[in-house]
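Chemist: I'd like to go over a predicted model; first the sequence, then the structure.
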Amino acid sequence: MKHTGGSWKDFWLNASQPGGGDIDLIAGHLRNGVDPNYQHPEMESTALCEAVRAGNVKVVDFLLTYHLDDDGRPKRGVRVVDPTIPSAYEDQTPLEIAMEMKHHAMVDMILRSLPPDSYAEEARYCRQILVSIPDGANVLHHKDATTVATQVLGLGHRMMTLAPPSTKGQEDGSIDGVDSSVFLSNTAKETGNTKFWPMSSVEEMVSFLSSSQTDASRKSPIKIDTWLCVLGGAKRKDDASLLELMKSEYIQRSSTCEGNSTPDRVWLMIPSTFVTKQLSRQQLVWFLQRCRSRVAGNKQSTPKVNAMIIPCSWWDRLWRAGSPYWIEEGILARLLEMNELDGTASEFATGKVYNQILEPLPWAKTTRCPDPAAVSQWEEVLSDSS
């Protein structure tokens, strides 16, 4: 491929140089006719892909904004660096590479530069996640939820949390004496992923999602891809059922969601101590079957619901050896990245119960619902919030 004056190979090597390239030299090659979107047969990758891979923040920012003037308007006759072109060698787009490398600042830059016609498809690599954090009535379950939220931030996704405001002076609803929203805000700054929005109610979240459609930075979530609904906030009385807990912490909240605030997928994350009794297991299996039948009847507006059991018995916590994390980061990444577009969701059937490594639990397969009279009572429990 011929260029007028500039050297594509020199341009590419400068952009991909670890530690940062010479911006003036890169600009000179672009002014002299080098095509920034070209992939040489020897390299099989664009300069932008390799600049992201090398962690060259300044080079990435320069390439993505080269075609804009000081007022952010396109310059006439200047070729645009296309952020959607995948590398021929690994078939990864710049956003995929930035997410994989956890270059959070670059993720933000690429999201901002994506063209409107490809934004929805490309942005699926940076998911829009909701994590509901139960109140601090049970500090262990509260921490289990907050640590998952910490991992979501570390992976680079856009995250909202739904957590009731803590009572002033109450440390049960905190992590090491710090309110969960404050704790996660600090974590966002530490990781460099500032795509975090704490919400205190579903109504606030619905309003936020409606207004974020006009966010010029393109960072804000405009919908919910996956809802990690961690149960276990309220102190359970001896006669309180798992069904009542799912009603108060999931069903009543989800009934307020509509339109783009309705998640595509829901994972009910349930402490293992809540499903030790046969009745609780029956209620969970029945409820998931109920959700699955609703998906079959109305695929467009009903989320696909699965359950994951959080290992939290005294033996499980001893096995963690002091680690606050109950799910491996790689497993969580796999769970969050599944979607309908590329077929990664097909291996997970809707309405199933999994453990923390995404294996179906044997007891869920053998658990049978009780007699119709009990099922009728369960329907009545849910009827006022359906």
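Modeler: Arrived safely, thanks for sending.

Chemist: show me which positions of stretch 122-141 end up buried.
Modeler: For stretch 122-141, the neighbour count (16 or more other CB atoms under 10 Å) marks 122-136, 138, 141 as buried. C-beta coordinates here come from the backbone N, C-alpha and C atoms, glycine included.

Chemist: wait, I meant stretch 181-189
Modeler: 181, 183-185, 187-188.

Chemist: and the residues you listed as JSON lines, adding distance to Val266?
Modeler: Supplementary listing: these in JSON lines, determined by distance: CB to CB, whole Å:
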{"residue": "Ser181", "distance to Val266": "22"}
{"residue": "Phe183", "distance to Val266": "24"}
{"residue": "Leu184", "distance to Val266": "21"}
{"residue": "Ser185", "distance to Val266": "25"}
{"residue": "Thr187", "distance to Val266": "24"}
{"residue": "Ala188", "distance to Val266": "24"}
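
Chemist: now pLDDT too, for those residues, in TSV please.
Modeler: Shown next, in TSV, are those (pLDDT from 0 to 100):
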residue	pLDDT
Ser181	81
Phe183	84
Leu184	86
Ser185	88
Thr187	87
Ala188	88
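
Chemist: now this protein, which segments are flagged as low pLDDT?
Modeler: Applying pLDDT under 70 to the chain picks out residues 1-6, 68-74, 76-78, 135-138, 165-178, 213-217, 233-240, 296-301, 339-349, 384-386.

Chemist: neighbours around Lys352, how many?
Modeler: Applying other CB atoms under 10 Å, we find 18 residues neighbouring Lys352.

Chemist: for it, list the residues it contacts.
Modeler: Contact analysis of Lys352 by CB atoms under 8 Å, 6 or more residues apart in numbering lists 288, 306-307, 360, 364.

Chemist: which of these sit farthest apart?
Modeler: Greatest spatial distance among the contacts of Lys352 (CB to CB): Leu288 and Pro360, at 11.8 Å.

Chemist: which of those two has more residues huddled nearby?
Modeler: Shown here are Leu288 and Pro360; by other CB under 10 Å, Leu288 has more neighbours (20 against 14).

Chemist: output the contacting helices and strands for the host helix or strand of the more buried one.
Modeler: Using DSSP states H and E, Leu288 sits within helix 278-297. Packing partners of helix 278-297 (3 or more CB pairs under 8 Å, 6 or more residues apart in numbering; DSSP states H and E): helix 242-246, strand 304-310, strand 353-354, helix 362-366, helix 372-383.

Chemist: need the winner for burial among those.
Modeler: Mean neighbour count (mean count of other CB atoms under 10 Å) peaks for strand 304-310 among these, with a mean of 23.

Chemist: got the contacts of Lys352 as JSON lines, with distance to Thr194 columns?
Modeler: Listed next are the contacts of Lys352 as JSON lines, based on distance: CB to CB, whole Å:
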{"residue": "Leu288", "distance to Thr194": "35"}
{"residue": "Asn306", "distance to Thr194": "30"}
{"residue": "Ala307", "distance to Thr194": "31"}
{"residue": "Pro360", "distance to Thr194": "37"}
{"residue": "Ala364", "distance to Thr194": "38"}
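
Chemist: taking the buried residues of stretch 181-189 one by one, which sit in helices?
Modeler: Mapping the buried residues of stretch 181-189 onto helices (DSSP state H) picks out 181, 183-185, 187-188.

Chemist: overlap in contacts of Leu288 and Pro360?
Modeler: Shared contacts of Leu288 and Pro360 (CB under 8 Å, 6+ apart): 352-353.

Chemist: contacts only, for the spatially most central residue of the chain.
Modeler: Closest to where the C-alpha atoms of the chain average out (CA atoms, centre = their mean) is Ile129, at 3.7 Å. Neighbour list for Ile129: 152, 157-160, 224-228, 336 [criterion: CB under 8 Å, 6+ apart].

Chemist: which one of the ones in helices among the buried residues of stretch 181-189 is nearest Arg368?
Modeler: Leu184 (40.6 Å).

Chemist: could you give the angle of the helix or strand hosting Leu335 to strand 304-310?
Modeler: Assigned by DSSP H and E, Leu335 belongs to helix 329-337. Orientation check (axes from the mean of the first three to the mean of the last three CA atoms, to 10 degrees): helix 329-337 against strand 304-310 gives 160 degrees.

Chemist: helix 329-337 packs against which elements?
Modeler: By 3+ CB pairs under 8 Å, 6+ apart, helix 329-337 packs against helix 139-155.

Chemist: residues in contact with the helix or strand encompassing Leu48: which ones?
Modeler: For Leu48, the host element (DSSP H and E) is helix 47-54. Helix 47-54 has contacts (CB under 8 Å, 6+ apart) with 11-12, 15-19, 21, 36, 43, 59-60, 63-64, 81-83, 85-87, 92-94, 97-98, 101, 103, 106, 110.

Chemist: kindly recompute the last result at 7 Å.
Modeler: 11-12, 15-18, 36, 59-60, 63, 81, 83, 87, 94, 97-98, 101, 103, 106 (CB atoms under 7 Å, 6 or more residues apart in numbering).

Chemist: ok, how many other residues are close to Arg112?
Modeler: Arg112: 15 surrounding residues under other CB under 10 Å.
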